[in-house]
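1. compute the structure for the input listed below.
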Amino acid sequence: MPIKQDPKFDALFKAVLSLESIEECYAFFDDICTIGEVSDMRDRLEVAKYLIEGMTYEQIEGKTKMSSATISRINRCIQYGPGGYKMAVERTK
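-> Next comes the predicted model:
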């Protein structure tokens, strides 16, 4: 289910877009998320990068220890979602 546009989400995303350095990102995400939540986002982005590069589920499982179910969910987002993973991976190459 996609995130529905909402003023509270707008405020969150504007806050993220206002960050100007990696150090500011560390400070913000350290305050707003648990280490587990940030680690999950980091790991999902890594899996997305590997999928976009053409790695197989088995290769990704071996590198990341992520379950095939999680890899499959990320792959569905890449294939059928609004394009956020592809955009982020492409822009950070």
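2. domain-wise, how is this structure divided?
-> When the chain is parsed with automatic domain parsing, its domains come out as 1-32, 34-93.
3. deepest-packed of the ones you listed, please.
-> Between the domains of the chain, domain 34-93 has the highest mean count of neighbours, a mean of 14, where neighbours are mean count of other C-beta atoms under 10 Å. Just so you know, the C-beta spots here come from the backbone N, C-alpha and C atoms, and that holds for glycine as well.
4. for the residue nearest to K49 when sequence neighbours are not counted, what are its contacts?
-> Take K49 and drop its neighbours on the chain: the residue closest to it by C-beta to C-beta, 6 or more residues apart in numbering is V89, 5.1 Å away. Going by C-beta atoms under 8 Å, 6 or more residues apart in numbering, V89 touches 45, 48-49, 52.
5. would you list the domains of the chain in a markdown table and tack on mean pLDDT?
-> Output for the domains of the chain, formatted as a markdown table (pLDDT from 0 to 100):
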| stretch | mean pLDDT |
| --- | --- |
| domain 1-32 | 96 |
| domain 34-93 | 97 |
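6. I52 versus the most centrally placed residue in the chain, what's the distance?
-> Note on the chain: the residue nearest the mean C-alpha position is L45, at 4.0 Å, using C-alpha atoms, centre = their mean. From L45 across to I52, the span is 10 Å (C-beta to C-beta, to the nearest Å).
7. over to E24?
-> With distances defined as C-beta to C-beta, the gap from E24 to I52 amounts to 27 Å.
8. name the helices or strands packed onto the longest helix seen in the chain?
-> For the chain, the helix with the greatest residue count under DSSP state H is helix 35-52. Helices and strands in packing contact with helix 35-52 are listed as helix 57-64, helix 68-80, helix 84-91; criterion 3 or more C-beta pairs under 8 Å, 6 or more residues apart in numbering; DSSP states H and E.
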